[in-house]
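>>> Quick one, structure for this:
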Amino acid sequence: MKTVEGRRWASREDLIERSGYSRETLSKLWRDRVANGHPEARDVDGIMHWDIEVWEGWFGEHRERPRDLSGVDRSGDPDELLPPAGQARLLGVDPARITQYTKKPPPGWPDAAHTEQLTTRTREYRTRAQLWEWVDDPVSGFGTAGGRPPGPGVKSGEERTAARLRLAVEALVALPGRKAGEVAAALAERHGGSVDTWKRVVTKARKVEPDSRVQLAKDALASMEGRAVAEVAAALAERHGWAVKTWERIIADARRTPQR
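Numbering: from 1, shown residues only. Have a look, this model is predicted:
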């Protein structure tokens, strides 16, 4: 935490610690700031920071919205443990959906924060904060499973697939030389879902994405001739997704690859 002109400014790491949300979820909230009103950042020592008083005020309102467009109840104590019926009410789904999730978890479905052993089954409890974070995770695809049509702002199955593909692309760039199974295991650990599912995504990313990514980088270099690599990478990240550092590596590959 930094103090500038008498006000405290928090880095992303500080926000992770104070909110309990993951880096990916907080990054998504920042990305969607035009729609959700997320406070603007300030560069402090070359790192993005947020006025902690302003940010915590916004975050409290974000969590406590009575019900958002996806049907999720954002009110209540974030740390409250909810039984399956309570989880269903928060998510706005039939209780049978939670039973289904327990048997066949969707991508990123959180582990139980507490379990209660009953005579015939185990009852799993999750906190409101866990469920809110899962809904906010771009790979969860909440609102599309089980035939429920997605509401405004909820990702479709196609968008969810594209989000997974982008994550796989980033992992392949960040983990060069690793086997598909190793990359898939890292993705499953970080984002949820099965290793087998991520293997299929990684395989597709390897077959489809590299040439198109490099070509996008070449086109951007040509149209932004004379610009710094970081500036070109930032423009590509804003337009196509993926991290700026990922695009910087792709640009380096593009410069080594001859034009067709």
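
>>> What mean pLDDT does stretch 77-87 get?
Here stretch 77-87 scores 85 as its mean pLDDT.

>>> what's it in contact with?
The contact list for stretch 77-87, computed with CB atoms under 8 Å, 6 or more residues apart in numbering, reads 20, 63, 90, 95, 98-99, 102, 113-114, 123-129, 131-132. Where you see a C-beta, it was placed from the backbone N, CA and C, and this is true even at glycine.

>>> hmm, 10 Å instead?
With contact meaning CB atoms under 10 Å, 6 or more residues apart in numbering, stretch 77-87 is reached by 19-21, 60, 63-64, 73, 76, 88-91, 93, 95-99, 101-102, 110, 112-114, 116, 123-133.

>>> Residue 19 against residue 13, yeah?
No - look at residue 19 against residue 13 with CB atoms under 10 Å: they stay out of range, at 11.2 Å.

>>> What segments of the stretch 151-260 of the chain are helices?
157-174, 180-191, 195-223, 229-240, 244-256 (DSSP state H, counting those that start in this stretch).

>>> any chance of these in JSON lines, with mean pLDDT too?
As requested, those are exported to JSON lines (pLDDT from 0 to 100):
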{"stretch": "helix 157-174", "mean pLDDT": "69"}
{"stretch": "helix 180-191", "mean pLDDT": "77"}
{"stretch": "helix 195-223", "mean pLDDT": "74"}
{"stretch": "helix 229-240", "mean pLDDT": "80"}
{"stretch": "helix 244-256", "mean pLDDT": "80"}
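
>>> Any chance of the ones you listed in JSON lines with mean neighbour count and distance to residue 29 as columns?
Converted to JSON lines, those look like this (neighbours: other CB atoms under 10 Å; distance: least, CB to CB, whole Å):
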{"stretch": "helix 157-174", "mean neighbour count": "19", "distance to residue 29": "15"}
{"stretch": "helix 180-191", "mean neighbour count": "18", "distance to residue 29": "16"}
{"stretch": "helix 195-223", "mean neighbour count": "17", "distance to residue 29": "24"}
{"stretch": "helix 229-240", "mean neighbour count": "16", "distance to residue 29": "16"}
{"stretch": "helix 244-256", "mean neighbour count": "18", "distance to residue 29": "18"}
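
>>> Tell me which of those lies nearest to residue 47.
Nearest to residue 47, of all these, is helix 244-256, at 13.5 Å by CB to CB.

>>> how close does the residue of the chain most remote from its centre sit to residue 219?
Within the chain, residue 119 marks the point farthest from the mean C-alpha position, 37.5 Å out by CA atoms, centre = their mean. Here the criterion is CB to CB, to the nearest Å. By it, residue 119 lies 64 Å from residue 219.

>>> now residue 254
From residue 254 over to residue 219 (counting by CB to CB), the distance is 9 Å.

>>> Check for me that residue 39 belongs to a helix.
No - counting by DSSP: H, G, I helix; E, B strand; the rest coil, residue 39 falls outside a helix, being coil.

>>> if I read this right, it contacts residue 61, doesn't it?
No - counting by CB under 10 Å, residue 61 is not a contact partner of residue 39; they are 11.1 Å apart.

>>> does the closest residue to residue 22 other than its chain neighbours count as helix, strand or coil?
Leaving aside its sequence neighbours, residue 22 sits nearest to residue 133 (CB to CB, 6 or more residues apart in numbering; 6.5 Å). Secondary structure, three-state DSSP: residue 133 is helix.
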